[in-house]
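*Asks:* Provide a 3D model corresponding to the input given below.
(one chain, ligands or ions: 1)
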Amino acid sequence: MDIHAPIGVLDSGVGGLSVLKCLHRLLPHEDFIYVGDTARTPYGIRTEKEIRGFVAEMIDWLAAQGVKQVVIACNTLTMLGVDTLKGEYKFSIVGMSKGEKLLLEASKKKKIGVLATPFTIGTEAHKKAILAVDSEAEVYPMPCPKFVPLIEGEQFDSPQLAAAIAEYAVPLKQAGVDAVILSCTHFPFIQEQIAAEFGLGVTIIDPAEATSLEAIASLREQGLLRGEGEGRVEVCATADIERVRRLTRRMLPEIDCEFREINLRQKK
Ligand code: DGL
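*Replies:* As a prediction, the model looks like this:
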């Protein structure tokens, strides 16, 4: 494996840019190649069979770009089981952290909210992970199907987004949660609005950093971390590259990225 090879980061759309932001902050010497399947997003309302086919195409495409690691910057895809995605690839594959330890440290009342796509919530993976650490905790899962299309559609100031945030927050506020995890990588795009809706007593957790640290530990173990040079960031998407460029500027204003619209079936 080449230490100078890029790190691949993938998501169904622009959500994984929130993880790329964190990875780039912690690994400024690395090259990154991001792929978002904007032609087929959202994934979180689709069947497992469909999603498995899509993610295999994305990992194959990144393999053809010669990556040294793939970070699955998507909770929905992580729920399929990273081990089952590993296949025959030579590089390591890292999925999203469930953030259970961070949540239990942050929540004094042990009342925890989980915001995610319907697919992720349906797996109950976060609930099980939290209860495995502390069986006394109360977990309140909330499927949020309206968020991803509104974020992909750049509807940040729309009344529809404000109404959706209020709608999803009501039951969790009534339950008295004091920590909430954003278990969909799109949601950090609206983290400020979500935090404002819950108010000061509620800690909002983004598992991007915990995920990035796992990716770094794996690269370090393999002797694949670069120690110098300025990393290059390429953002690729399967549709709407201009929209992706605008959303990238919103999430990563400090990084000078290159952009490419791609077809996952053409590997180069
Ligand atoms: N960003 C993805 C996640 O973390 C979800 C997107 C989707 O539903 O396509 O789950």
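*Asks:* burial measure for the residue nearest to Met79 when sequence neighbours are not counted, as a count.
*Replies:* Residue nearest to Met79 in three dimensions, not counting chain neighbours: Thr123, with 4.6 Å by Cβ to Cβ, 6 or more residues apart in numbering. To be clear about C-beta, it is placed using only N, CA and C from the backbone, and glycine gets the same treatment. Residue neighbour count, defined by other Cβ atoms under 10 Å, stands at 18 for Thr123.
*Asks:* What distance do you get for Thr123 to the ligand?
*Replies:* Distance check for Thr123 against the ligand: by Cβ to the nearest ligand atom, to the nearest Å, it reads 11 Å.
*Asks:* what do you get for Asp240?
*Replies:* Taken as Cβ to the nearest ligand atom, the span from Asp240 to the ligand is 14 Å.
*Asks:* Ignoring the adjacent residues along the chain, who's closest to that residue?
*Replies:* Closest residue to Asp240 in three dimensions, ignoring its sequence neighbours and counting by Cβ to Cβ, 6+ apart: Thr38, at 5.2 Å.
*Asks:* do the same with Gly13
*Replies:* Thr41 (3.4 Å).
*Asks:* just for this protein, where's the confidence low?
*Replies:* Low-confidence regions of the chain, defined by pLDDT under 70, span residues 268.
*Asks:* need the helices for it, in chain order.
*Replies:* For the chain, the helices defined by DSSP state H cover 17-26, 48-64, 75-78, 82-85, 100-106, 118-123, 125-133, 147-152, 159-175, 191-198, 208-221, 241-251.
*Asks:* I'd like to know which elements the fourth one is packed against.
*Replies:* Contacts of helix 82-85 with other secondary structure elements, assessed using 3 or more Cβ pairs under 8 Å, 6 or more residues apart in numbering; DSSP states H and E, are made with helix 48-64, strand 92-94.
*Asks:* So which bits of the stretch 151-268 of the chain are right by the ligand?
*Replies:* Taking Cβ under 6 Å from any ligand atom, the part of the stretch 151-268 of the chain that reaches the ligand is made up of Cys184, Thr185, His186.
*Asks:* in terms of contact, does Leu62 touch Ile33 like I think?
*Replies:* Yes: in this structure Leu62 lies within contact range of Ile33 using Cβ atoms under 8 Å: 6.8 Å.
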